[in-house]
Each structure stands twice: as structure tokens, then as C-alpha cells.
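Asks: Give the three-dimensional model of this entry:
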Amino acid sequence: MDQGESIDPEGTGDLRETVQASLGGLESLVGKIPGYKGYKQKELRREADKLLRMQVAAKLGDQRKRITGLQNKLVSQAQIEFLDDMERALLKLQLLIDRISTASYGYAGLFDAVKVKEEQLDALYEYDN
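Replies: Here you go, the predicted structure:
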């Protein structure tokens, strides 16, 4: 999927279908080569997982901004008794965002000792979704 293409901002659709639909005519033709189709399906699953993680991280980032705004409001109203708790919550939320953003997308190379099965990739996607 090209960087210029948009993803479902509301997260209402199945990103696996979005990624599959983004294939061009040449990619569809190449998909008929024996052995390539399975490889390409794994790549599409990884791409959908990556897009889903990006959506989740963005939504969590929005919540982080809301908490920061609430912190600023509390400071302006001199209600500082909850600031430490909110700061800890912000740090944990940022850690979660970072973990989701930098998580592996189910990739195992051709010669890697650990192979990722399609069922595992689908289960990971369903869990994330």
C-alpha cells in the first residue's frame, strides 16, 4: 500500500480487505505464479496488521492529548492534587503507544528459525482489532 493511500480513519472496516483491494493489475497477475500467492498473502496480512496498529496508536495518541489538556486545566485551576496520578497515567499510556507503534508486524524471513503461520497472523490481527 502506498503512503499516499488512505486508511479507514474510523477503523470500521477490515483492513485486510482494504489492503487486498489495493492490489494493482500487475500484482494480481504475478499472484498467479506458483508459490508467490502464499507469500503475498502473508505480506498482505502483515500490512493490515501494521495499518491496524497505526490506527490504534493514533487513537491512543488522541487520548494522551486529552489527558494533557486536562492536566493543563487542572493546573490553571490550582487543582494540583491529581497531577502526579495523571502524570503516571500519561507515562503508561505513552509506553503503550510506543510498544504498539514499534511492535513487530509478524515478519519472519525466509530462512529464519521461527516461522510465522497464517493462522497466527490472523489471530494477532483479530486480537489487535
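Asks: Quick one: name whatever helix or strand follows the top helix by length along the chain.
Replies: Secondary structure of the chain per DSSP state H: the longest helix is helix 36-76. Proceeding N to C from helix 36-76, the next assigned helix or strand is helix 83-102, under DSSP states H and E.
Asks: quick revisit: mean confidence score for the longest helix of the chain?
Replies: For helix 36-76, mean pLDDT rounds to 87.
Asks: what's that helix packed up against?
Replies: Packing partners of helix 36-76 (3 or more C-beta pairs under 8 Å, 6 or more residues apart in numbering; DSSP states H and E): helix 15-21, helix 25-30, helix 83-102, helix 118-128. No exception for glycine: its C-beta is placed from N, CA and C like everyone else's.
Asks: Between those, which one is closest to residue 75.
Replies: Evaluated with C-beta to C-beta, the helices and strands packed on helix 36-76 place helix 83-102 nearest to residue 75, the distance being 7.1 Å.
Asks: Tell me the buried residues in that closest one?
Replies: Within helix 83-102, the residues scored as buried using 16 or more other C-beta atoms under 10 Å are 90, 97, 100.
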